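In: following is a predicted model, sequence given first.
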Amino acid sequence: MYKKSRVSSQNQAISTHQFGAGIESEPAYTFSQIKERTYAKTGAIDKTFQAKFTSQLHDKKLSDITEDLHGLFDDILDTVRQDSDANSLARVIIEHNGLTDPIVVSLRELNKMDSSIVMDEISKVLQSNEELPVDDSCTITVGRIDIPSGGGRLRITKLTGENNSLMRKRSIVNIPSTTMCMPMAIVVCFLKTCRLVSPVEWRLLTEGDSSSMPDKVLKHKCHPHWYYKHVVEKGRKECTLFSRRLCELVGVSTENRVISMK
């Protein structure tokens with residue numbers, strides 16, 4: 001989920017304990033936070049919890065105590081939700097000595113993550129690991145990313161619907177054309193690979209050249225900043241003209257919805 005470059009970690013044990021449903025006078029489970037790691041690049045936080053079950057459950061299998069597991073995961077997730085943002089994301093990793101690979105619950109909104117979602121993933125594993133015992137080797141790591149609603153950086157949190165992140169994010173160029181989307185995308189990508197020059201240098205390079213702006217850019221493989229802004233921000237007219245010129249040079253029709261080679 002997270003790149004582990006440039007991370008800072010806190011490995012001290014945290015002694016806060018939570019208690020679950022009781023069996024007679026003894027709680028069915030306890031858990032404590034044993035490790036916390038912060039990823040400097042993304043701001044993500046991994047919190048690892050050690051789960052311990054009452055000795056009365058140690059002769060059982062995990063598949064026998066699903067109700068207690070529901071309570072355990074709800075309590076842990078409630079702990080992680082403290083001080084989180086409304087649109088925070090989270091994923092869960094469950095490790096047990098009886099498992100070859102950990103159980104991973106994929107990234108999703110933290111406020112929608114609950115014990116039922118976690119238990120759905122565990123149930124899939126228990127189908128082929130029915131004898132997995134109840135013991136104290138179970139650790140649960142919850143990774144959380146807090147995505148602020150304000151600030152200068154717009155993160156992608158909503159992919160569909162009105163006012164989604166892709167529409168609002170300036171680094172993503174929206175191409176509305178139904179017949180020219182591919183040529184327009186190529187033009188934008190090409191301009192990003194070209195050298196950016198000052199207006200003075202551009203005038204010197206193109207002095208006496210009466211060809212169109214797209215031809216000048218293709219010839220010199222550079223452009224002034226004002227032209228790039230016209231292509232990506234000014235109603236797409238310049239991008240459409242460049243795209244049509246590109247199609248003309250390579251013999252591609254722009255009349256059909258599906259562009260075909262002549």
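Out: Yes, it's here. No experiment lies behind these values; they were computed from the predicted model shown.

In: and Asp120, that one's in a helix?
Out: Yes: membership of Asp120 in a helix is supported by DSSP: H, G, I helix; E, B strand; the rest coil.

In: could you list every helix and strand in contact with the longest helix along the chain?
Out: Ranked by residue count and defined by DSSP state H, the top helix of the chain is helix 66-81. Helix 66-81 sits against strand 17-19, strand 29-39, strand 45-53, strand 89-95, helix 115-126, strand 139-145, with contacts defined as 3 or more C-beta pairs under 8 Å, 6 or more residues apart in numbering; DSSP states H and E. (C-beta placed from N, C-alpha, C; glycine too.)

In: looking at those, which is nearest to Cys247?
Out: strand 89-95 (41.3 Å; C-beta to C-beta).

In: show me where this structure dips below the pLDDT cut-off.
Out: Low-confidence segments of the chain, defined by pLDDT under 70: 1-25, 148-179, 233-236, 255-262.

In: circling back: show me the contact partners of the longest helix of the chain.
Out: Applying C-beta atoms under 8 Å, 6 or more residues apart in numbering, the set of residues contacting helix 66-81 from outside is 16, 18, 20-21, 28-29, 31, 33, 47, 49, 51, 53, 57, 62, 88, 90, 92, 110-111, 113-116, 118-119, 122, 140, 142, 144.

In: hmm, 7 Å instead?
Out: 18, 20-21, 28-29, 31, 47, 49, 51, 62, 90, 110, 113-115, 118-119, 140, 142, 144 (C-beta atoms under 7 Å, 6 or more residues apart in numbering).

In: buried sites along that helix?
Out: Of all the residues in helix 66-81, those buried under the rule 16 or more other C-beta atoms under 10 Å are 68-73, 75-77, 80.

In: dump these to TSV, plus distance to Asp101.
Out: As requested, the buried residues of helix 66-81 are exported to TSV (distance: C-beta to C-beta, whole Å):
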residue	distance to Asp101
Asp68	23
Leu69	19
His70	23
Gly71	25
Leu72	21
Phe73	19
Asp75	25
Ile76	21
Leu77	22
Val80	23
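
In: report the two of the residues you listed separated the most.
Out: Asp68 and Val80 (19.1 Å).
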